[in-house]
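Colleague: Attaching a predicted model along with its sequence, questions to come.
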Amino acid sequence: MRSAAMILALAAGLHAKPIHRNSHWTAVLKLLLTSGGVTNTSIRNALVDLLGKPIAESTALCIPTAQWGHPMCGPASVRGFVTGLPPWGGMSSMEWKSMGVLELTALASIGEKRWVPWVREVDVLLVDGGDATYLCHWMRQSGLADLLPSLPETVWVGVSAGSMVMTPRIGEYFVEWPSAPDDRTLGVVDFSIFPHLNLFPTNTMAHAERWAADITGPAYVMDDQTAIKVTDGDAEVVSEGQWKLLSS
């Protein structure tokens, strides 16, 4: 249950107090785990806080890889994310000092000497949605998953599957990649995420509760006006919309 302080913070569009503490390697990562991206002022302010400087002074790489694993995504939606065109959101069209594209499926073939400096030199990784198991596979295959713990100042901004990949499991409900061995993902944080609450007919609270029944540990149901900010192992909800913590 949310405390009165959390409810007041939610109503005001402010940061809720820390609601989780994880001793895993989130202690050296800055995460902004969103459902729909940087969709309101509260989430944008959380991003600026994580960056420690204005967006216009920050450099970014966007990662569209998860889209290739989802049957509803393809060349047009990938282009939309990379360019920031509607209706695919506008994170990559924000006023970044510089913006590039990092396609994880290409990294193993070009070698770490080329791509690791690209990642180390930027302030933020913008990671789009799609299928989280496909993204997890290529994060491991490319070596990005192994690199992340050495990037304490880098901000990871996930959208949908780009957020869910950091959780222990996504549930069979969200597995769309036919080659996925199971629903397990990286387990960087100790909670799971059900995104896009009420955006689709199959993303209702009732569906989320059935999904959570098969997920071990805490699980957050969140709409596209909500994000979870993780710094030094502390997680807090940032929202101007609807969210709920479910425990199995």
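Modeller: Perfect, I can see it now.
Colleague: Quick check: beta-bridge partners of the residue nearest to residue 102 when sequence neighbours are not counted?
Modeller: The spatially closest residue to residue 102, leaving aside those adjacent along the chain, is residue 61, at 4.3 Å (C-beta to C-beta, 6 or more residues apart in numbering). In this view, the C-beta of every residue, glycine as well, is placed from N, C-alpha and C. On the basis of DSSP bridges, residue 61 is bridged to residue 100, residue 125.
Colleague: Quick check: residue 61 vs residue 230, distance?
Modeller: With the distance defined as C-beta to C-beta, to the nearest Å, residue 61 ends up 20 Å from residue 230.
Colleague: now swap in residue 66 and tell me
Modeller: Residue 66 is 19 Å from residue 230, where distance means C-beta to C-beta.
Colleague: Contacts only, for residue 194.
Modeller: 171, 203, 208, 211, 212, 219, 220, 221, 222 (C-beta atoms under 8 Å, 6 or more residues apart in numbering).
Colleague: any chance of the residues you listed in TSV, with neighbour count, distance to residue 111 and pLDDT too?
Modeller: Listed next are the contacts of residue 194 as TSV, based on neighbours: other C-beta atoms under 10 Å; distance: C-beta to C-beta, whole Å; pLDDT from 0 to 100:
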residue	neighbour count	distance to residue 111	pLDDT
171	20	35	94
203	18	40	90
208	22	42	92
211	21	40	93
212	23	41	91
219	24	38	94
220	27	38	96
221	26	41	96
222	26	38	96
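Colleague: Narrow these to those in helices?
Modeller: Using DSSP state H to define helices, the subset of those located there is 208, 211, 212.
Colleague: and which of those is nearest to residue 190?
Modeller: Proximity of these to residue 190 (C-beta to C-beta) peaks at residue 212, which lies at 14.5 Å.
Colleague: residues touching the nearest residue in space to residue 66 that is not next to it in sequence, list them.
Modeller: Among residues not flanking residue 66 along the chain, residue 130 sits closest, at 3.2 Å (C-beta to C-beta, 6+ apart). Applying C-beta under 8 Å, 6+ apart, we find residue 130 in contact with 64, 65, 66, 67, 68, 69, 70, 73, 160, 161.
Colleague: wait, the second one sits on residue 106?
Modeller: No - the criterion here is C-beta atoms under 8 Å, and residue 65 misses it with residue 106 at 9.4 Å.
Colleague: of these two, who's got more company?
Modeller: Neighbour totals were compared for residue 65 and residue 106, and residue 65 leads with 27 against 14 (other C-beta atoms under 10 Å).
Colleague: got the buried residues for stretch 188-200?
Modeller: Of the residues in stretch 188-200, those buried under the neighbour-count criterion (16 or more other C-beta atoms under 10 Å) are 188, 189, 190, 191, 192, 193, 194, 195, 196, 197.
Colleague: Done for today, thanks.
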